[in-house]
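Enquirer: I would like the atomic coordinates for the input below:
(one chain, ligands or ions: 1)
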Amino acid sequence: MAQEKAHVNVVIIGHVDSGKSTTTGHLVYKCGGVDQRKLEKFEKAAAQMGKSSFKFAWLLDKLRAERERGITIDISLLKFNTQKYSMTIIDAPGHRDFIKNMITGTSQADVALLVVSAAKGEYEAGVSRSGQTREHALLAYTLGVKQIIVCVNKMDLTEPPYSQKRFDEVVRGVKVFLKKIGYDTKAVPFVPISGWMGENMIAPTQKMPWYQGWKVRLREGAETGKTLLEVLDSIKPPVRTINKPLRLPLQDVYKIGGVGTVPVGKIETGVLKPGMTLMFSPAKLTAEVKSIEMHHQGLDTALPGHNVGFNIKNVSVKNLRRGDVAGNAQHDPPSDVRSFEAQVIILNHPGKIKSGYSPVLDCHTAHVTCRFAELKEKLDRRTGKKLADNPQLLQSGDAATVKLVPIKPMCVESFFTYPPLGRFAARDLKQTVAVGVIKSVEKEQGSKASQKTQPSK
Ligand SMILES: Nc1nc2c(ncn2[C@@H]2O[C@H](COP(=O)(O)OP(=O)(O)OP(=O)(O)O)[C@@H](O)[C@H]2O)c(=O)[nH]1
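Expert: Residues are numbered from 1 along each chain as shown. Next up, the predicted model:
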């Protein structure tokens, strides 16, 4: 049997209308796991609705809707294969969803695919102050997605079509801001494509002969001359966190007749097996795993990235909830935290933030109000260098180190030890006011232990 391909999650980012759906629709269509019958059905329906000209974007919207309707967690519809990898697309329909998706739920992205339109006026709008290109790239970087590929799309709409001059101009502009954000632009591939015409996506382009020698001319920029598919195939394989202790944030907890309590969630690190004793935090409960299921099939071993349901003994569904974290009771079990220190970037806040400010944090599957207990340092947003101690105020655009205190028990980890449990979005006024990564945690257990050493009255 052929060896199973390594699995990679790709997040698609870019300004509105840059061609994200068209480009990814094309990849799924040509290299996807979607079966032929389903594709034919969609094509027929699209033609009947007079939307065949929007085929790829339309296809992706339909697939997304199908996925959202699904009751089991099944994202297989948004998959495609390169020679080496099986890729799942994490597609971000709206700006707000993007930030949330990046932080919670389905979102451990290994690679970001930034789609930039080269069409006249569109590139300029996308990278302007109000455009989303910079902010998406900054968020991807802040949240730990260090591999990025830039697609310069709509090359058929440049003047003249497929213009190298325009491509070079876009590449130079994008490089400047990717560098400022922190990306190593020498390692960032830039690929000219037309997602709509299918140019340079799967097969080498005839329309842009200059692209073959492009690397030599610009002296910088990796992996050029390759099609988008080849570039995706040549990414560095993601490091899987299989050797770390288990962390499984719960999405939901069900009570199933004849079976019992079934928590459901995605394994972020480590391995889950039947017979293991789990510790749940902050519930502070232990329980043995009886069986594990994924896509309605029993599993002997569940690995990072797997979305599983598992049956546990002797725990009532009332005692567990979304946001709790399961770990191995014998191997660095999870525990709730008394406080934690994080580096935050304030994105949108109309006024000034002082200590005491208490937004809701979305961290893995948990939503808990946390107090900015102490503003410790103001930082340079790009370099991370300290600018001042104990700032009085923070406002949009500022970066800072902050001590946060959850108002009810919560389990988080430092980004360094368990990345998916160490980043968050802070929400207030119905928008994302800040994003952050956790530098260190003060565990509840630790502080209890130290309390014991104090003299009691
Ligand atoms: N000519 C041309 N048009 C394109 C190309 N790629 C996308 N388009 C068109 O640009 C428009 C926007 O494309 P979408 O794929 O929906 O863009 P998107 O980035 O997914 O848009 P949002 O989901 O709204 O952010 C559609 O009308 C597409 O047909 C391209 O390579 N060439």
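
Enquirer: and the protein, what are its domains?
Expert: Here the domain assignment for the chain is 6-234, 247-328, 336-443, based on the TED database.

Enquirer: tell me which parts of this structure are close to the ligand?
Expert: Residues of the chain lying close to the ligand (C-beta under 6 Å from any ligand atom) are 14, 16-22, 54, 57, 153-154, 156-157, 194-196. C-beta coordinates here come from the backbone N, C-alpha and C atoms, glycine included.

Enquirer: What segments of the stretch 351-457 of the chain are strands?
Expert: 360-363, 366-379, 386-389, 399-406, 423-428, 431-443 (DSSP state E, counting those that start in this stretch).

Enquirer: want to try JSON lines for those, with mean pLDDT and mean neighbour count as columns?
Expert: Formatted as JSON lines, the strands of the stretch 351-457 of the chain follow (pLDDT from 0 to 100; neighbours: other C-beta atoms under 10 Å):
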{"stretch": "strand 360-363", "mean pLDDT": "90", "mean neighbour count": "22"}
{"stretch": "strand 366-379", "mean pLDDT": "96", "mean neighbour count": "19"}
{"stretch": "strand 386-389", "mean pLDDT": "94", "mean neighbour count": "12"}
{"stretch": "strand 399-406", "mean pLDDT": "96", "mean neighbour count": "22"}
{"stretch": "strand 423-428", "mean pLDDT": "87", "mean neighbour count": "23"}
{"stretch": "strand 431-443", "mean pLDDT": "89", "mean neighbour count": "20"}
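
Enquirer: Using TSV, lay out the ones you listed together with distance to Lys266.
Expert: Below are these laid out as TSV (distance: least, C-beta to C-beta, whole Å):
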stretch	distance to Lys266
strand 360-363	14
strand 366-379	14
strand 386-389	36
strand 399-406	22
strand 423-428	15
strand 431-443	19
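
Enquirer: so which of the ones you listed gets nearest Val176?
Expert: strand 399-406 (19.7 Å; C-beta to C-beta).

Enquirer: What is the closest one packed up against?
Expert: Packing partners of strand 399-406 (3 or more C-beta pairs under 8 Å, 6 or more residues apart in numbering; DSSP states H and E): strand 337-346, strand 366-379.

Enquirer: Ok, which of the strands of the stretch 351-457 of the chain comes nearest Val145?
Expert: Nearest of the strands of the stretch 351-457 of the chain (C-beta to C-beta): strand 423-428, 10.6 Å.

Enquirer: now the angle from that closest one to strand 366-379?
Expert: 100 degrees (axes from the mean of the first three to the mean of the last three C-alpha atoms, to 10 degrees).

Enquirer: Make a markdown table from the domains of the chain and add distance to Thr241 to it.
Expert: Formatted as a markdown table, the domains of the chain follow (distance: least, C-beta to C-beta, whole Å):
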| stretch | distance to Thr241 |
| --- | --- |
| domain 6-234 | 10 |
| domain 247-328 | 4 |
| domain 336-443 | 8 |
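
Enquirer: quick one: the residue in the stretch 201-350 of the chain that the ligand sits nearest to from Thr432, how far?
Expert: Residue nearest to the ligand within the stretch 201-350 of the chain (C-beta to the nearest ligand atom): Met201, separated by 9.5 Å. As judged by C-beta to C-beta, to the nearest Å, Met201 and Thr432 stand 32 Å apart.

Enquirer: you'd agree Leu229 is in a helix?
Expert: Yes: assessed by DSSP: H, G, I helix; E, B strand; the rest coil, Leu229 belongs to a helix.

Enquirer: In this structure it contacts Asn200, no?
Expert: No: contact criterion C-beta atoms under 8 Å: Leu229 and Asn200 do not qualify, at 9.4 Å.

Enquirer: Spell out, range by range, the strands that occur in the stretch 1-150 of the chain.
Expert: Taking DSSP E, counting those that start in this stretch as the test, the strands found in the stretch 1-150 of the chain are 6-14, 79-81, 85-91, 111-117, 147-153.

Enquirer: thought Ile438 was touching Thr417?
Expert: No: at 9.4 Å, Ile438 does not count as touching Thr417 under the criterion of C-beta under 8 Å.

Enquirer: where among the strands of the stretch 1-150 of the chain is the average confidence lowest?
Expert: Among these, strand 85-91 carries the lowest mean pLDDT, at a mean of 77.

Enquirer: Off-centre distance for that one?
Expert: Here strand 85-91 shows a centroid-to-chain-centroid distance of 11 Å under the convention C-alpha atoms, centre = their mean, to the nearest Å.

Enquirer: what packs against that strand?
Expert: Judged by 3+ C-beta pairs under 8 Å, 6+ apart, strand 85-91 is in contact with strand 6-14, helix 20-31, strand 79-81, helix 228-233.

Enquirer: Name the strands paired with the first one and say parallel or antiparallel.
Expert: In the sheet, strand 6-14 lines up against strand 85-91 (parallel), strand 111-117 (parallel) (DSSP bridges).

Enquirer: TSV for those strands, including distance to Gln343 and mean neighbour count?
Expert: Below are those laid out as TSV (distance: least, C-beta to C-beta, whole Å; neighbours: other C-beta atoms under 10 Å):
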stretch	distance to Gln343	mean neighbour count
strand 85-91	24	23
strand 111-117	20	26
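
Enquirer: Turn the ones you listed into a markdown table, including distance to Val176.
Expert: Shown next, in a markdown table, are the strands paired with strand 6-14 (distance: least, C-beta to C-beta, whole Å):
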| stretch | distance to Val176 |
| --- | --- |
| strand 85-91 | 27 |
| strand 111-117 | 13 |
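
Enquirer: Ok, which of these comes nearest Ser316?
Expert: Short answer: strand 85-91, nearest of the strands paired with strand 6-14 by C-beta to C-beta, at 34.2 Å.

Enquirer: quick one, the closest one and helix 20-31 angle?
Expert: Compare the direction of strand 85-91 with that of helix 20-31 by the same axes, to 10 degrees and you get 150 degrees.

Enquirer: The helices and strands packed on strand 85-91: which one's closest to Asn328?
Expert: strand 6-14 (22.7 Å).

Enquirer: and the closest one, which residues are buried?
Expert: By neighbour count on 16 or more other C-beta atoms under 10 Å, the buried set for strand 6-14 is His7, Val8, Asn9, Val10, Val11, Ile12, Ile13, Gly14.

Enquirer: Settle this for me: the third one is touching Tyr85, isn't it.
Expert: The reference is to Asn9. No: with contacts counted by C-beta under 8 Å, Asn9 stays clear of Tyr85, the gap being 10.2 Å.

Enquirer: ok, back up a step: what number of residues lie near the residue lying closest to the residue of the stretch 201-350 of the chain closest to the ligand once chain neighbours are set aside?
Expert: What sits nearest to Met201 in space, not counting adjacent residues and going by C-beta to C-beta, 6 or more residues apart in numbering, is Leu228, at 5.0 Å. When neighbours are defined as other C-beta atoms under 10 Å, Leu228 has 24 of them.
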